[in-house]
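Peer 1: Build the 3D model from these lines:
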Amino acid sequence: MNKIKTILFLVIIKFFLTTSVNAKLYKRGEILTDRLQFSKNVIIPLSKGKWEVVEKYGYTVHMLHFKGNAIARVRDNKLLELMYVEQANLSGTQMGRVDNLLNSIIFKDPYDGCYERPEYLIVEVYKRGSTHNCFVVRHIDTYRDLYTPDDKQRGAAEIKKWIKKNSIEIPKIAFGSFHSYFSRRNKGEWYVIQYWVDPQLFDTPKINYLSEETSEFHKANIQRFPEHKVAFDKWISQASKKHRYFEKIFKAKEKHLLNLDKYLNYSDNLNKNKELSIVDQIQNLQELYETGALTEEEFKKAKNKILN
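Peer 2: From the prediction side, this is the model:
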């Protein structure tokens with residue numbers, strides 16, 4: 001799913017579309033802290049630490065422009081988090097044909113997409129006409145994904161070059177999430193965000209099975225590994241909150257929103273840093289509420305839990 005078959009997508013629609021994108025791109029090697037501002041309204045909070053821009057990409061075919069950045073957080077030469085953020089503006093002529101092609105890529109790609117697959121633990125989708133809102137949570141066999149992907153057309157040359165040049169150690173299994181939103185009512189802008197996260201950030205027990213199919217986190221296996229499931233559930237909760245925030249900054253219409261309540265677990269935030277004072281914890285909750293990651297009801301419930 002990396003970069004959603006960007007090259008294929010552009011080649012297919014090059015005869016149909018004229019468009020532009022106002023996304024802000026960072027230069028490779030730039031260091032970010034606190035947030036990534038991808039465009040005027042798309043501002044993504046970053047976890048604490050330094051994030052390096054490891055890839056800047058853009059493709060132009062017949063005046064269609066698709067842009068993106070990949071950023072990474074590293075500590076002691078170990079990859080902790082990797083995030084792809086990209087945008088395309090699909091407004092223009094031949095919209096009907098472009099919409100059909102977009103739906104085909106998102107929902108019918110033989111390798112990845114917004115539909116049930118064995119390696120996906122969660123798939124939540126809204127789809128009507130050309131509009132879609134997609135949320136996927138999965139585990140990732142990182143070496144397979146980078147070096148021997150099922151889709152041989154998919155490239156990750158810049159990421160692999162960065163890993164080799166800097167002697168970066170990557171987790172053999174990562175937690176992942178995929179977030180995609182598109183609607184003609186939102187100026188025809190298509191947004192895609194993808195995450196890789198080191199499971200050790202969620203106090204994961206030792207991982208013994210290191211392939212996609214045998215992993216403790218595979219949908220067919222996870223019930224046999226309750227301690228691993230606890231860690232994965234923390235990531236699912238965090239990824240769900242991220243998606244709620246993305247829906248807000250992407251200005252998703254109310255009827256396009258996904259119901260992710262069943263995946264939310266507030267204890268992962270409340271217990272994440274036990275040395276925080278009550279004031280600090282409430283302040284953190286307030287920030288989540290203000291960004292739209294929590295509803296008013298959820299905010300009050302979590303606040304009461306802290307106070308009690």
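
Peer 1: The chain: strands as residue ranges?
Peer 2: According to DSSP state E, the chain carries its strands in the segments 31-32, 35-37, 43-45, 51-61, 64-75, 78-89, 120-128, 131-141, 173-182, 189-197.

Peer 1: mind listing what Tyr143 touches?
Peer 2: By CB atoms under 8 Å, 6 or more residues apart in numbering, the contact list for Tyr143 reads 170, 172. Every residue, glycine included, has its C-beta placed from N, CA and C.

Peer 1: hmm, back to that, identify whichever of the strands of the chain lies nearest to Lys300.
Peer 2: Comparison of the strands of the chain against Lys300 by CB to CB identifies strand 43-45 as nearest, at 22.0 Å.

Peer 1: neighbouring strands for that closest one, and are they parallel or not?
Peer 2: The strands that strand 43-45 pairs with in its sheet are strand 35-37 (antiparallel) (by DSSP bridges).

Peer 1: Enumerate the positions of the partner strand that are buried.
Peer 2: Leu36 (16 or more other CB atoms under 10 Å).

Peer 1: any idea how far Phe246 is from Gln238?
Peer 2: According to CB to CB, to the nearest Å, Gln238 stands 13 Å off from Phe246.

Peer 1: who has more neighbours, those two?
Peer 2: When neighbours are counted by other CB atoms under 10 Å, Gln238 and Phe246 differ, and Gln238 comes out ahead with 25 against 21.

Peer 1: and the gap between the more buried one and Met83?
Peer 2: Gln238 is 13 Å from Met83, where distance means CB to CB.

Peer 1: hmm, back to that, now the strands of the chain in CSV, with mean pLDDT and distance to Lys206?
Peer 2: Converted to CSV, the strands of the chain look like this (pLDDT from 0 to 100; distance: least, CB to CB, whole Å):
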stretch, mean pLDDT, distance to Lys206
strand 31-32, 96, 32
strand 35-37, 91, 32
strand 43-45, 91, 31
strand 51-61, 81, 28
strand 64-75, 86, 19
strand 78-89, 92, 16
strand 120-128, 97, 20
strand 131-141, 97, 15
strand 173-182, 97, 11
strand 189-197, 92, 17
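
Peer 1: Relative to Gln281, which of the ones you listed is closest?
Peer 2: Shortest distance between Gln281 and the strands of the chain, using CB to CB, is found for strand 43-45: 17.1 Å.

Peer 1: Please list the residues outside the closest one that contact it.
Peer 2: Applying CB under 8 Å, 6+ apart, the contact partners of strand 43-45 are 34-38, 83, 85, 193, 245, 249, 291.

Peer 1: number of nearby residues for Gln286?
Peer 2: Applying other CB under 10 Å, we find 13 residues neighbouring Gln286.

Peer 1: Which residue is the nearest non-sequential neighbour of it?
Peer 2: In this structure, Gln286 finds its nearest non-sequential neighbour in Phe299, 7.6 Å apart by CB to CB, 6 or more residues apart in numbering.

Peer 1: The one you found: neighbour count?
Peer 2: Under the neighbour criterion other CB under 10 Å, Phe299 is assigned a count of 18.

Peer 1: So for it, what's the pLDDT?
Peer 2: Confidence at Phe299, expressed as pLDDT, is 79.
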